[in-house]
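1. need coordinates for the following:
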Amino acid sequence: MTPIMLDLLLRSLWETVLMTSASGIISLVAGLPLGLALVLTARGGIAENLWINRTLGAVINGFRSVPFIILLVALIPLTRLIVGTALGTWAAIVPLAIAATPYYARIAEVSLREVDRGLIDAVRAMGGNRWTIIREVLVPEALPGIVAGFTVTLVTLIGASAMAGAIGAGGLGDLAIRYGYQRFETSVMIAVVIVLIVLVCGIQWFGDRLVERLDHR
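-> Next comes the predicted model:
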């Protein structure tokens, strides 16, 4: 691989890391509260409200049911409104974050539902309010699952960011399509695949180690 191609590879790697990390953080900040809201407002939850629960669940399911490539195109007007352009790395963060947020919300919901109901009842019996239960029981007890789910979300975002490269988002996907596929440069395609494998394995390894530290069971 030539020095120019190596420079392109490193720049594309940085763009992929930027897209993945920025959209991942947004999905964590927005998705975890959504997951909490689904658990709290569910039947038997500490803030039971079935109307809110079903409405919120329907909206989340609606976004999750749309294939990412379609969502990517459908959100072009919103992306232009927020970022000022529909092309480039920063523009790709908008649809990536919107696609990842409901996905992560459902993963967080599953982890939060697995918290022992007896612990919640014990805190309520001692006079703990909703915020105390969330802060002292739900989130701490579900933290290993929350982190594991976020790791899976980041890995999924890497694949989605590569797909976003098909419409000019930059990153490793764009490099693989423009040089590896359209120009038939096999070495570039192989290099992109290797970098993606290393990146995914690195994120998964780090996430697994963090979960092991947090899981005291």
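2. got the buried residues for the lengthiest helix in the chain?
-> Secondary structure of the chain per DSSP state H: the longest helix is helix 3-40. Within helix 3-40, the residues that count as buried by 16 or more other Cβ atoms under 10 Å are 8-9, 12-13, 15-20, 22-24, 26-28, 30-32, 34-40. Glycine gets a C-beta too; all of them are placed from N, C-alpha and C.
3. what's the answer for stretch 139-152, then?
-> 139, 141-152.
4. switch those residues over to JSON lines; also include distance to residue 130.
-> Converted to JSON lines, these look like this (distance: Cβ to Cβ, whole Å):
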{"residue": "139", "distance to residue 130": "12"}
{"residue": "141", "distance to residue 130": "15"}
{"residue": "142", "distance to residue 130": "16"}
{"residue": "143", "distance to residue 130": "18"}
{"residue": "144", "distance to residue 130": "23"}
{"residue": "145", "distance to residue 130": "21"}
{"residue": "146", "distance to residue 130": "19"}
{"residue": "147", "distance to residue 130": "23"}
{"residue": "148", "distance to residue 130": "25"}
{"residue": "149", "distance to residue 130": "23"}
{"residue": "150", "distance to residue 130": "24"}
{"residue": "151", "distance to residue 130": "28"}
{"residue": "152", "distance to residue 130": "28"}
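5. make a markdown table out of the residues you listed and add pLDDT, distance to residue 100 and secondary structure.
-> Below are those laid out as a markdown table (pLDDT from 0 to 100; distance: Cβ to Cβ, whole Å; DSSP: H, G, I helix; E, B strand; the rest coil):
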| residue | pLDDT | distance to residue 100 | secondary structure |
| --- | --- | --- | --- |
| 139 | 86 | 20 | helix |
| 141 | 88 | 24 | helix |
| 142 | 89 | 19 | helix |
| 143 | 91 | 19 | helix |
| 144 | 91 | 20 | helix |
| 145 | 92 | 17 | helix |
| 146 | 93 | 14 | helix |
| 147 | 95 | 15 | helix |
| 148 | 94 | 15 | helix |
| 149 | 94 | 11 | helix |
| 150 | 95 | 10 | helix |
| 151 | 95 | 13 | helix |
| 152 | 94 | 11 | helix |
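6. now for the residues you listed: which two are most distant?
-> 141 and 152 (19.2 Å; Cβ to Cβ).
7. low-confidence stretches in this structure?
-> Within the chain, the stretches with pLDDT under 70 are 1-2, 4-5, 166-167, 180-182, 184, 216-217.
8. which parts of it are helices?
-> Using DSSP H, helices in the chain cover 3-40, 50-65, 68-74, 76-83, 89-113, 117-125, 130-133, 139-164, 171-175, 186-214.
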